[in-house]
Structures are given as C-alpha cells and as structure tokens.
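**Student:** whatever this is, show me its structure:
(chains A and B)
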Amino acid sequence: MGERIQQSAVSSQQSAGSEKKPKATRDEYGEVLLELGKKRSDIVVLDADLSSSTKTGKFAKAFPDRFFNMGIAEQDMVGTAAGLSLTGKVPFASTFAVFETGRAWDQIRLTVCYSNTNVKLVATHGGITVGEDGASHQALEDIALMRSLPNMTVIVPSDAAETASVINAVADYKGPVYVRLGRAKVPYVMPDNYRFRIGKAHIFHIGKDVNIIAAGIMVDAAIKAAALLKKDGIDTGVLNMSTIKPLDEEAVLSAAKSAKLILTAEEHSIIGGLGSAVCEFLSETHPVRVIRIGVRDTFGCSGNPDDLLRIHGLTAEDIVKTIKDSM
Amino acid sequence: MSVLTKGKITDVSELRKVAKNVRIRILHMLTMAGSGHTGGSLSAADVAVAIYFSKMNFNPKEPFWKGRDRFILSKGHAAPLLYALMAEAGYFPEDVLDNLRKIESPLQGHPCCKRLPGVEVSTGSLGQGLSVANGMALGLRLDKNPARIYCIMGDGEIQEGQIWEAAMTAAHYKIDNLCAVVDNNGLQIDGPVQKVMGINPIHDKWAAFGWHVIGIDGHNMEQILAALDEAEKTKGMPTVIIANTTKGKGVSFFEHKVEYHGITPTPEEYERAVKEIHNG
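**Tutor:** Numbers count the residues shown, from 1 in each chain, chains lettered A, B, ... in the order given. Presented below is the predicted three-dimensional model:
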C-alpha cells in the first residue's frame, strides 16, 4: 500500500495547548519500540509483511535477531508470538487492525486470551481514516472482536504522546493487550504532563449539560465540539476513554451523574465498541440517555480520510449538531 | 537439575509397559467421564510415551523449570493421553483422573494450561500447536537454551491452513530444536481422511515445505526411538515424524472405527478392553 501520508484527518485546527506538528500514532510506535528494544532484551517483535507500514521496521533493522517477519500469515504470527511469550519473551505482534483481529481471532482467543499469554497485539491502520485503500482495509469491528475476549485489555490512544505512554505501559503489564493505532497524522490533544494508566480515563472536564466519552482520533473532535458548544452556553464535558477494556466505570458514572446526556464518539462501528461498552455499563447502573457517534453498521469506502469522516458523521460539527438536536 | 521422577526409560519393553499403563488410564478416565475422544488418544499413545519417558527432561515438581523440554498436544482432543502421561510422570495424584471433564476439574475436556501446570499451552481448536511450538523454539534459541520442543498433530488436523503457515516458518527459520509428529491414523470425525479431504502425498508435502521427514510404524517402539534420535541429530531444518498408526490402537473392538473418535467405552467395554491390553 502507498506510503503517502494524508494530511491530518482531524487537524484542521490545532488542539488546545500544543504547537507540535501532527504525527501518526504508528510513527510514534515505531520509535518507542526501538527505544524499548535498546532497554530490554526480552522484547521481540513480529510482523506479517507490513513492517514498513506498521513501523516495526525500525526495530527490525536495529535488532534483526529479535525480529520475526512471519510473511503474510497472521494466524501463524499470533501463535508464534504466544510461543515466544511462553519462554519469557515479551512479543509485540503487529499488522493492520483488520488482519490482526479478524484473520487471527481464534488464535488470539485460544493461545493468547484463554492461555493468558503475555502477547502485545499492536495493530495499525485502525478505523475509517485508513482512507483510499477502502473498506477491505478499514477496521471498524476490531474493538468489538477484542473486547469480547476474556483476559484481553483494549487500548486506543488519542495522539502520539499518549501512544508512547501506552506502549511503555503495556510492555510492563503482564497479560494480553490489544492496542489500536492509526495511519493518518493526528494532532496532539493530551496535556504535556499526562501519563497513561491502564484502565484510567483522562477527564478534560465534566460537563453539566452533556458529556462526550471519546477514544482515539475522536477525542480531538470532542474537544473541538465542546469549545463550539460552550459558545452557545452548553456545558460539555470531554473524557478520553483510551482504555476501552477494562472500562473506567468510575469516570463513566461521574459523567452520567453530572449530565443527563452522554455522547460516545469512536472511529468504529456503533456495534460492540466504546459506545456499546458505555451503554452496557450505564444501563445496569445508572440509566441515562446515550447517543453513539460512530460508523452506523455499514462498511467504509475509498476516499481521503477527511471526506470519509464527513460522510460517516464523525466530525466535530457532527457532534455539535447531534447534541443540539438532542437537547 | 532435570529431575524426572522415574528416570529416563530407554528399555523398549519397559516403555511398552508404560504405554499399557497409559492406555488403561486413558480408558479409565474416559469411562468415568462418559464423554471424550477415545480413538485418537489411543493411536498416539506409543509415540507420546516414547517422547515423554525416553526423551524429555522435565520436573513434575517444578513445571515451569526453564530447562524443561516442552510437549505440545496440538490435537488437543487427545487430552486423556496427555493427562495419562502426566499422571504417570507424577504431576498429580492418580485419583485426579477420575475428574476428567467434571466441573472445576484441572482436567478440562481439552487441555487448559491455566488450570493444569505442566500443560504448556491450551489447545483444542485444531491447527494452532505447531505455531506455538515454533515460537517456543525460537525463544529458547534466543536464550541459547538447549531444551527441545515436541509437538503432536493429528492427520486430519493438518487440513488446517495454519499448519502449513507454521510449516513454512519452521523451515524458514531453520528451527531444529523442534520435532513434530503427525499421528497418521487415517480417520477423522466424518470418515477416512482421504475421503473427507485428502492430505496425501503427506511425506512429499512436508518435504516440499523444507522439513526432514521420517516415516515410521507409530506402534513400533524401536522405530519410534530411532526416529526421535534421528530428529535430535538433524540440524539446520525441522523434523517431522509421520507415524502411521491405528485409531483405537490396543483395543480390538475400537480399532479402525471412525465412531470411536468421540465415543467412550461402556463399563463393560472397559473391562474387556483392560483385559485385552494386559494380554496384548
């Protein structure tokens, strides 16, 4: 696939508090993995012929003995990663999100989750912003697939800085993890002093009228939407729910108790992802109205990421309109 | 370091005796459980006994000992065979076998590594064990750990595409601390393997994938031991032993019968079977 990097899908305006240039989370991953490799000899990396796109190629070049290109064979890659972990290695297995989670789901289920092995599945090219490659390559169901597996932790970082923090955290954590990264450049949204902790949401603000619980690139859209709504006197909170499983229930509950309306925002199908996780939890504990922003049970198509976000209703403007229409 | 409770067995007649014990245990636990896979547990018993008790270094008191050789039962439905080997080796008391497939038992219907230390990885969904074996072999090689990996697959199992992905990987990475075995009993649930989905020419296929292939009678202990020795001496490429076996081996009225893939003995059949094995 082409390596031409899209203009940021969501960077039409700079985010609050950052002048750093937008960066793809996969680019950050490649660099952090290289640094981890220097520090820790137990880190090994597997890829399925996409190391130039997933950015594991940097690690491969520096540590050829600890890098295993498995060819176009995702099922074998996951099983091999499980085997490596059972000898004390900490394997990071990467490919595109569609193939990592869909092609190898049963392998992830049996040899990673059921066997509870210390395998890190770090997939790139998650979501609709894959762009021109089209629906076959746009993972919109990956979070649903991973979230349904016992023992699995599911993380979707919002920007490059959070990605670095996530990758370091999962390298230290013992157990199966799925991390979803993106292809396109994205702006920095998290505060400079932010440090990711597994299972802990970052609360930008809890609103009195509505709270947006977002993940991945939709955190940026949520921040922009909240700023626009503030001008109209609507107090809108924003939470970055980067760990989708285990869900930060305390944070979700405080958002639901503060405002009568919750919006979830994700670059994923509305079935089975963050929106579902929030609904499942709130319907049992504190029922409030939840509106899910996401891809509405359909496949994507080719196009540039900004156009795709627009036609699927995933922009800040779409969030603003949805909230205004609902109040 | 490598403490094996009974010491390694190299005497053929002694190994045959162990194989008899293992077969009786398999039938005992399956009869108690009332469900499970009889035919494929019996067919692979002789090869598995030879691997476990003549070749492998392990310590039942220390199942996570780093220097242990690893045994992966990729055909996880033959779990009773694995449990019989482990009981024989002293991983757990004999009476645990009575709990096969019962609620909260460490002896799950298919092997579960989280419930039974000594099971290296959970299996049961076919086609996955060889990939895990490769990963272990690569991990041990990185650590310059001389331990070896053994992986038993079913012949029907090699219809799974992942097996051939893993076959490519083992050859590509010149994995020679791994010995794979195909329990070539010729039958699968829906009938003869060659009728359901032909796998022949099985030897040529593995050879074409870059493996050293050894064909043997999988019930002939001398041939099994010679093949395991040859595998250990083969360097620079992975070895697969194609063990021609009989489904249900050891019990005349189970042998060659497709239906005994997933049927267990009645108490009456159990008594007859044990007599046959003792006299065999």
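**Student:** quick check: domain ranges of chain A?
**Tutor:** A:23-186, A:202-326 (automatic domain parsing).
**Student:** and for residue 57, the neighbour number?
**Tutor:** In the absence of a named chain, this looks at chain A. 19 (other Cβ atoms under 10 Å in any protein chain shown). (Each C-beta comes from the backbone N, C-alpha and C, glycine too.)
**Student:** that was the other one, I meant chain B.
**Tutor:** That count, for B:Asn57 with other Cβ under 10 Å as the rule, works out to 16.
**Student:** how about the closest residue to chain A within the stretch 151-280 of chain B, what does it touch?
**Tutor:** Closest to chain A within the stretch 151-280 of chain B is B:Glu165: 3.6 Å, counting by Cβ to the nearest Cβ. B:Glu165 is in contact with A:70-71, A:73, A:75-76, B:131, counting by Cβ atoms under 8 Å, 6 or more residues apart in numbering or on different chains.
**Student:** compare these and tell me which has the most neighbours.
**Tutor:** Counting by other Cβ under 10 Å, top hit in the contacts of B:Glu165: B:Ser131 with 34 neighbours.
**Student:** determine which stretch of the domains of chain A is the most buried.
**Tutor:** A comparison of the domains of chain A by mean neighbour count, using mean count of other Cβ atoms under 10 Å in any protein chain shown, puts domain A:23-186 on top with a mean of 23.
**Student:** helix/strand/coil for B:Ala79?
**Tutor:** Here B:Ala79 is recorded as helix under DSSP: H, G, I helix; E, B strand; the rest coil.
**Student:** confidence score at it?
**Tutor:** Note on B:Ala79: pLDDT of 98.
**Student:** same check on B:Glu259?
**Tutor:** 87.
**Student:** just to revisit the earlier point, for chain B, find the nearest of the domains of chain A.
**Tutor:** Here domain A:23-186 is closest among the domains of chain A (Cβ to the nearest Cβ), at 2.1 Å.
**Student:** quick one: end-to-end distance for that closest one.
**Tutor:** One end of domain A:23-186 sits 5 Å from the other (Cα to Cα, to the nearest Å).
**Student:** stretch B:102-118 now?
**Tutor:** End-to-end for stretch B:102-118, by Cα to Cα: 19 Å.
**Student:** what's it in contact with?
**Tutor:** A:114-116, B:29, B:33, B:35-36, B:58, B:60, B:63-64, B:73, B:76-77, B:79, B:82-83, B:86, B:91-92, B:96-97, B:99-101, B:119-124.
**Student:** from those, which land in helices?
**Tutor:** B:29, B:33, B:79, B:82-83, B:86 (DSSP state H).
**Student:** by neighbour count, which of the residues you listed wins?
**Tutor:** B:Tyr83 (30 neighbours).
**Student:** who touches it in this structure?
**Tutor:** B:Tyr83 neighbours (Cβ under 8 Å, 6+ apart): B:25, B:29, B:97, B:100, B:107.
**Student:** gap between it and chain A?
**Tutor:** Distance of B:Tyr83 to chain A, given as Cβ to the nearest Cβ, to the nearest Å: 17 Å.
**Student:** let me know the pLDDT of that residue.
**Tutor:** Value for B:Tyr83, per-residue pLDDT: 98.
**Student:** what residues does chain B have near chain A?
**Tutor:** Proximity of chain B to chain A (Cβ under 8 Å from any Cβ of the partner chain) is limited to residues B:66, B:112-114, B:120-125, B:127-140, B:142-143, B:145, B:161-162, B:165-166, B:168-169, B:172-173.
**Student:** nearest to chain A: which residue in chain B?
**Tutor:** B:Gly135 (2.1 Å).
**Student:** tell me which element that residue is part of?
**Tutor:** Here B:Gly135, judged by DSSP states H and E, is contained in helix B:129-142.
**Student:** average pLDDT across that helix?
**Tutor:** The pLDDT scores in helix B:129-142 average 98.
**Student:** what pLDDT does the residue nearest to A:Asn116 when sequence neighbours are not counted get?
**Tutor:** What sits nearest to A:Asn116 in space, not counting adjacent residues and going by Cβ to Cβ, 6 or more residues apart in numbering or on different chains, is A:Asn151, at 5.1 Å. Model confidence at A:Asn151, expressed as pLDDT, equals 98.
**Student:** now swap in the one 3 residues further on and tell me
**Tutor:** The predicted local confidence for A:Val154 comes out at a pLDDT of 99.
**Student:** kindly report the same for the one 4 residues further on.
**Tutor:** Note on A:Ser158: pLDDT of 98.
**Student:** B:Val196 versus that one, what's the distance?
**Tutor:** 50 Å (Cβ to Cβ, to the nearest Å).
**Student:** tell me if I'm right that A:Thr264 and A:Leu274 touch.
**Tutor:** Yes: A:Thr264 is in contact with A:Leu274 according to Cβ atoms under 8 Å; the separation is 5.3 Å.
**Student:** between these two, what contacts are shared?
**Tutor:** Both A:Thr264 and A:Leu274 are in contact with A:213-214, A:294, where contact means Cβ under 8 Å, 6+ apart.
**Student:** turn the contacts of B:Tyr83 into a markdown table, columns for pLDDT.
**Tutor:** As requested, these are exported to a markdown table (pLDDT from 0 to 100):
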| residue | pLDDT |
| --- | --- |
| B:Arg25 | 98 |
| B:Met29 | 97 |
| B:Leu97 | 97 |
| B:Leu100 | 97 |
| B:Leu107 | 98 |
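**Student:** so which strand or helix has A:Leu308?
**Tutor:** Counting by DSSP H and E, A:Leu308 is part of helix A:305-311.
**Student:** equivalent analysis for B:Asp204, please.
**Tutor:** Using DSSP H and E, B:Asp204 falls within helix B:202-208.
**Student:** in the stretch 201-327 of chain A, which spans are strands?
**Tutor:** A:202-205, A:210-214, A:236-240, A:243-245, A:261-269, A:289-295 (DSSP state E, counting those that start in this stretch).
**Student:** export the ones you listed to JSON lines and tack on mean pLDDT and distance to chain B?
**Tutor:** Below are those laid out as JSON lines (pLDDT from 0 to 100; distance: least, Cβ to the nearest Cβ, whole Å):
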{"stretch": "strand A:202-205", "mean pLDDT": "98", "distance to chain B": "33"}
{"stretch": "strand A:210-214", "mean pLDDT": "98", "distance to chain B": "33"}
{"stretch": "strand A:236-240", "mean pLDDT": "98", "distance to chain B": "33"}
{"stretch": "strand A:243-245", "mean pLDDT": "98", "distance to chain B": "19"}
{"stretch": "strand A:261-269", "mean pLDDT": "98", "distance to chain B": "25"}
{"stretch": "strand A:289-295", "mean pLDDT": "98", "distance to chain B": "30"}
